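# I would like to see how this sequence folds:
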Amino acid sequence: METVILPYTHFTVVFRPDRRLAASTAVCIEGSELLDDVPRDDTWLYDPRLPREQQAGDEVYRNNSLDRGHLVRRLDPVWGAAAVAGRANTETFHFTNAAPQADVFNQGKQLWQGLENYLLDHAAQFDRKLVVLTGPVLQDSDPPYRGIQVPLRFWKVAAFMQDGALAATAYVLDQSPDLSRDADRAFAGAQAGAPPPLGPFRTYQVPVSDVAEITELELGPLPDVDLMPPMRAPEERWRRLESYEDITMTT
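From the prediction side, this is the model:
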């Protein structure tokens, strides 16, 4: 598959033109230099380095229930000098850094959106630096909509130093529909041109090796330094998170 590497300020997007979405993103977070007073303007931009028709833009999100879900969270690269932080803030609003997510806000999505804060607070005990990799799980079976296929799952891998050694944890957000409840709505929606039904957000901590497997991405040394290694049976090793207290951060 063809990918295009798009560097931005403090983060990078590995883009899949065939899917019009990112395959993965990586952001470096300097916790001690984060700025929280950079205003948000919500102006989404096409990246001029790619043809517009290769990017999932306004036509995907207009007049429907889909959110432009940031892959690199807006605040994560917003650190350093004010001008640099401001540029990073603006650059997170490129369509190349977005993927469609259900607009329903529930506990599962709240956990997902707060993971970087939680992980950064944990890393603060050590050196307040964090690298976060994030992306959609792009599968051939993802439902089609307005010229794209809507991902049903998203992944995140965090890497940081703990006790002087590299450590990593991994997470999956699942917005797959409950087809036993949504089959009729899915059919009616498809007839009306509505987005595919998306289910309640479920957030899991998973082995890093499982993320590498479902995405077919090379994650280097991170599977070997996972703080939750895959020691349980496969059907039991995805730990559903109901709160941050459920997260494994020690070996």
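
# can you tell me how far Ser141 is from Asp18?
Per CB to CB, to the nearest Å, Ser141 is found 15 Å from Asp18. C-beta: built from backbone N, CA, C; applies to glycine.

# so for those two, which residue has more residues nearby?
Using other CB atoms under 10 Å as the criterion, Ser141 and Asp18 rank with Asp18 on top: 12 against 6.

# and that one, what is it in contact with?
Residues counted as contacts of Asp18 (CB atoms under 8 Å, 6 or more residues apart in numbering) are 1-2.

# swap in Leu6?
12-15, 47, 49-50, 96.

# distance to Lys129 and secondary structure added to the residues you listed, as TSV?
Formatted as TSV, those follow (distance: CB to CB, whole Å; DSSP: H, G, I helix; E, B strand; the rest coil):
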residue	distance to Lys129	secondary structure
Thr12	16	strand
Val13	21	strand
Val14	21	strand
Phe15	26	strand
Asp47	27	coil
Arg49	28	coil
Leu50	30	coil
Thr96	25	helix
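
# let's have those residues in CSV, adding distance to Phe201, neighbour count and pLDDT.
Output for the contacts of Leu6, formatted as CSV (distance: CB to CB, whole Å; neighbours: other CB atoms under 10 Å; pLDDT from 0 to 100):
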residue, distance to Phe201, neighbour count, pLDDT
Thr12, 26, 17, 98
Val13, 23, 25, 98
Val14, 24, 17, 98
Phe15, 25, 26, 98
Asp47, 27, 19, 98
Arg49, 32, 11, 97
Leu50, 29, 17, 97
Thr96, 23, 26, 98
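
# shouldn't Val131 be in contact with Met161?
No: judged on CB atoms under 8 Å, Val131 makes no contact with Met161 at a distance of 10.1 Å.

# in the protein, which spans are strands?
Using DSSP state E, the strands of the chain run over 4-7, 11-16, 21-30, 66-70, 98-102, 129-136, 144-145, 148-149, 153-162, 165-174, 202-206, 239-240.

# rank the ones you listed by mean pLDDT and give me the bottom one.
When these are compared by mean pLDDT, strand 239-240 comes last with a mean of 88.

# mind checking pLDDT for Arg52?
Reading off the model, Arg52 has pLDDT 96.

# which one is it nearest to, not counting chain neighbours?
Excluding its sequence neighbours, the residue lying closest to Arg52 (CB to CB, 6 or more residues apart in numbering) is Tyr46, at 5.1 Å.

# check contacts around the one you found.
So Tyr46 contacts 52, 55, 57, 94-95 (CB under 8 Å, 6+ apart).

# equivalent analysis for Tyr204, please.
Counting by CB under 8 Å, 6+ apart, Tyr204 makes contact with 171-174, 238-241.

# most neighbours, which of those?
In the contacts of Tyr204, the most neighbours by other CB under 10 Å go to Leu173, 26 neighbours.

# doesn't Arg153 make contact with it?
Yes: with contacts counted by CB under 8 Å, Leu173 reaches Arg153, the gap being 6.7 Å.

# low-confidence regions, the stretch 151-251 of the chain specifically.
Scanning the stretch 151-251 of the chain for pLDDT under 70 picks out 178-192, 230-236, 251.

# what distance do you get for Val13 to Val4?
8 Å.

# my bad, Lys109
For Lys109, the distance to Val4 equals 29 Å [CB to CB].

# between these two, which is the more surrounded one?
Per other CB under 10 Å, whichever of Lys109 and Val4 has more neighbours is Lys109, with 21 against 16.

# now do the contacts for the more buried one.
By CB under 8 Å, 6+ apart, the neighbours of Lys109 are 101, 173, 201, 203.

# done for today, thanks.
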